[in-house]
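> Structure of the sequence below:
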Amino acid sequence: MRIGELADAVGVTTRTVRHYHHQGLLPEPERLANGYRTYTLRHVVVLARIRRLTELGLGLAEVRDVLADEAGKDLAEVLEELDVDLARQEAAIRERRARLRALLETEGALPPEGPVSAELAELFAGMGDVSGSPMAVRDREMLALLESTVAPEEREGLLAALRDGLGSPEAVARAHRAYALLDELADAGADDPRVARAARVLAGCLPEGLLPEEGVVLDPGSGSGSGSGPGSGSGSGFLGALYADFAPGQAEAIRQAMEIASRGRRS
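Prediction:
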């Protein structure tokens, strides 16, 4: 039979047959004197087996192991490995679906910074609409980034600190006030008289769990250290680069706020 007849008999395309030839899975038939290739019943049997194995989910390398006598792997061994792998994939899919359900069941609209955890989405929802505040939008973007990169135990600490800092309508109102004052410093220098006021309001928004560790100094001149507006974490190196992008007045207000809050922690 010709290649088209072989493909039709097994229910694949001629392109698939040629690909299996190229991969060394299906032996190529000899050419007749007229140059045409003719396939035998043996080719049909092998091609049908390849199709059944791939439909089970085996990759072509695994199919090759099954077909090759010298591979040292019998079909039962390969299928057992496949079953273990499928079980692992199944567990991962269940976990992903559980996370999706938690997000979809979160009260309020999903945040534009998402996907984030259901806990962080709930905190964002409690903050209300912050789209009019560039500083608030930046802070939320940084929180979404931080949550996705920190270790699980640090993530839990971050969320706990945020719940402490934003757990009441009064705390949310203070955070909005701090964001507004920081927004006003977008074009201000570090010596602007409004910096001190913004720093005092911001310091009142920072729970202890979000303060820098002892000895960590925020230096607007070098961009070292870490920190952000209300609700940002500290102690993570990549935040230093983001901190350096603030306007001088905003950076100085954040530095002073961290200093004020840290003094309060020590007293």
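> Could you pull up the mean pLDDT of stretch 102-118?
Averaged across stretch 102-118, pLDDT comes to 65.
> Revised request: answer the last question for stretch 40-57.
88.
> Please save the CA atoms from that stretch in CSV.
As requested, C-alpha coordinates have been extracted for stretch 40-57 and formatted as CSV (Å, rounded to 0.1, in the frame of the first residue of the first chain):
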residue,chain,number,x,y,z
THR,A,40,3.2,-3.8,4.4
LEU,A,41,0.8,-5.0,7.1
ARG,A,42,3.7,-4.8,9.6
HIS,A,43,3.9,-1.0,9.1
VAL,A,44,0.1,-0.8,9.8
VAL,A,45,0.5,-2.8,13.0
VAL,A,46,3.5,-0.6,14.2
LEU,A,47,1.8,2.7,13.2
ALA,A,48,-1.4,1.7,15.0
ARG,A,49,0.5,0.9,18.2
ILE,A,50,2.3,4.2,18.1
ARG,A,51,-1.0,5.9,17.8
ARG,A,52,-2.5,4.0,20.8
LEU,A,53,0.6,4.8,22.9
THR,A,54,0.6,8.5,22.1
GLU,A,55,-3.2,8.7,22.8
LEU,A,56,-2.4,7.4,26.3
GLY,A,57,-0.1,10.4,26.8
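> what's in contact with that stretch?
Applying CB atoms under 8 Å, 6 or more residues apart in numbering, the contact partners of stretch 40-57 are 1, 6, 9-12, 17, 20, 25-27, 29, 60, 62-63, 66-67, 79, 82, 86. (Each C-beta comes from the backbone N, C-alpha and C, glycine too.)
> Out of the residues you listed, which end up buried?
In the contacts of stretch 40-57, burial by neighbour count holds for 1, 6, 10, 12, 17, 20, 25-26, 29, 62-63, 66-67, 79, 82, counting by 16 or more other CB atoms under 10 Å.
> ok so, going back, filter the contacts of stretch 40-57 down to the ones in helices?
Taking DSSP state H, the ones among the contacts of stretch 40-57 that sit in helices are 6, 9-10, 17, 20, 60, 62-63, 66-67, 79, 82, 86.
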